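Whatever this is, show me its structure:
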Amino acid sequence: TLNNHVFSSALNLNQRVSQVYGKDHDGAKVAMELLQFMKKTCHIVPDVVTCSHILSTLDWKAAVAMLRSMEKSDSNKDWYLPQPNAYCYSSVLSACARCDEYDEAIRIMERMKDIKPN
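Numbers count the residues shown, from 1 in each chain. Sure, this is the predicted structure:
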């Protein structure tokens with residue numbers, strides 16, 4: 001049965017393949033395709049672990065955009081993104097740091113003041 005655990009494992013593998021093959025493997029594209037598959041085909045709402053794996057594969061702009069979507073997401077809908085936790089914020093901060101986007105990282109850290117520790 002497909003569930004968040006299966007997709008998290010696939011996304012973890014995707015991260016490792018991206019590290020090994022670099023630019024020959026578009027890990028961000030694969031991660032977003034998996035998210036769309038979860039939504040449209042399986043109707044599975046991703047959990048924060050799954051989203052954290054996705055965030056870690058994205059470039060900083062896409063990671064920041066997804067984080068904002070998670071922060072604004074409405075769990076009263078049929079399909080939604082979960083509220084981000086510390087791991088999600090950490091993934092986005094790492095993406096910002098990889099690209100020297102320190103001002104954006106500082107803005108994100110300001111938003112983290114309201115989250116609860118894991």
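
When you work out contacts or count neighbours from here on, use the C-alpha atoms and nothing else.
Fine.

which residue ranges form the helices in the protein?
4-21, 27-37, 48-57, 60-72, 86-98, 102-111 (DSSP state H).

how about the fifth one as CSV, C-alpha atoms only?
Taking Å, rounded to 0.1, in the frame of the first residue of the first chain, the C-alpha atoms of helix 86-98 are listed here in CSV:
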residue,chain,number,x,y,z
ALA,A,86,11.6,22.6,12.7
TYR,A,87,12.9,20.0,10.2
CYS,A,88,11.1,21.7,7.4
TYR,A,89,12.5,25.1,8.4
SER,A,90,16.0,23.6,8.7
SER,A,91,15.7,22.2,5.1
VAL,A,92,14.9,25.6,3.7
LEU,A,93,17.6,27.3,5.7
SER,A,94,20.1,24.8,4.3
ALA,A,95,18.9,25.5,0.8
CYS,A,96,19.3,29.3,1.4
ALA,A,97,22.8,28.7,2.8
ARG,A,98,23.9,26.6,-0.2
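
Regarding stretch 41-49, how distant is the last residue from the first?
20 Å (CA to CA, to the nearest Å).

which parts of it are buried?
Neighbour counts over stretch 41-49 (16 or more other CA atoms under 10 Å) mark 44-49 as buried.

ok, now stretch 3-10?
For stretch 3-10, by 16+ other CA under 10 Å, it's 4, 7-8, 10.

ok, now stretch 74-88?
79-85, 87-88.

can you list contacts of it?
With CA atoms under 8 Å, 6 or more residues apart in numbering as the test, stretch 74-88 has contacts from 39, 43-48, 51-52, 55, 67, 69-73, 112, 115-118.

that older thread, would you list the buried residues of stretch 3-10 in JSON lines and tack on distance to residue 18 and pLDDT?
What follows is these, written out as JSON lines (distance: CA to CA, whole Å; pLDDT from 0 to 100):
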{"residue": "4", "distance to residue 18": "21", "pLDDT": "96"}
{"residue": "7", "distance to residue 18": "16", "pLDDT": "97"}
{"residue": "8", "distance to residue 18": "15", "pLDDT": "96"}
{"residue": "10", "distance to residue 18": "12", "pLDDT": "97"}
